[in-house]
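Visitor: sequence first, then the predicted structure, then my questions.
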Amino acid sequence: MDQGVKENVIERELIARVQAAGGLCIKVQTVSRRGFFDRMVVLPGGVIIFCECKRPRGGRLAMHQRWYAEIFRALGARVEIVANYADIDRLFTDNI
């Protein structure tokens, strides 16, 4: 269904859905931290999720992106890979 969708379309949908739910979807930009997450999602109720957006078909995490995901998860943070509309849906069904 959304296999032909580009990464930026998925990211725009993520932003729109988070804002519609009353949350924030903040673009994360770091200096000299290659591979850091694309977005920090803050949902009502204090739910914070670090999101890496990928294209639905063939979008894979690079080694340094996997490293960040593992470290943050080990620290108890929620990390999600968002590659399609179902992944976005899961952000809300797992939290609300």
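Guide: Perfect, I can see it now. Here the structure is a predicted model, which is why all the values come from computation and not from measurement.
Visitor: which residues sit against the longest strand seen in the chain?
Guide: When the chain is parsed with DSSP state E, its longest strand is strand 47-53. Here strand 47-53 makes contact (CB atoms under 8 Å, 6 or more residues apart in numbering) with 7, 10-11, 14, 28, 37-43, 61, 65, 69, 72, 77-83, 91, 95. (Each C-beta comes from the backbone N, C-alpha and C, glycine too.)
Visitor: please read off the pLDDT at the residue most central in space within the chain from the model.
Guide: By CA atoms, centre = their mean, the chain has its centre lying nearest to residue 51, at 2.0 Å. Predicted confidence (pLDDT) for residue 51: 95.
Visitor: name the nearest residue to it, sequence neighbours excluded.
Guide: Excluding the flanking residues, the one nearest residue 51 by CB to CB, 6 or more residues apart in numbering is residue 39, at 4.4 Å.
Visitor: got a PyMOL select line for the buried ones in the contacts of strand 47-53?
Guide: Burial among the contacts of strand 47-53 is assessed by 16 or more other CB atoms under 10 Å; the matching PyMOL selection reads:
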select buried, resi 10+11+14+37+38+39+40+41+43+65+69+79+80+81+82+83+91
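Visitor: ok so, going back, bridged to the residue nearest to the centre of the chain, which residues?
Guide: residue 39, residue 80 (DSSP bridges).
Visitor: helices along this structure, start to end?
Guide: 7-20, 63-74, 85-93 (DSSP state H).
Visitor: which stretches of the chain have low pLDDT?
Guide: 1-4, 58, 94-96 (pLDDT under 70).
Visitor: re the thing from before, the residue nearest to residue 51 against residue 14, yeah?
Guide: Yes: here residue 39 reaches residue 14: they are 6.7 Å apart, a contact under CB atoms under 8 Å.
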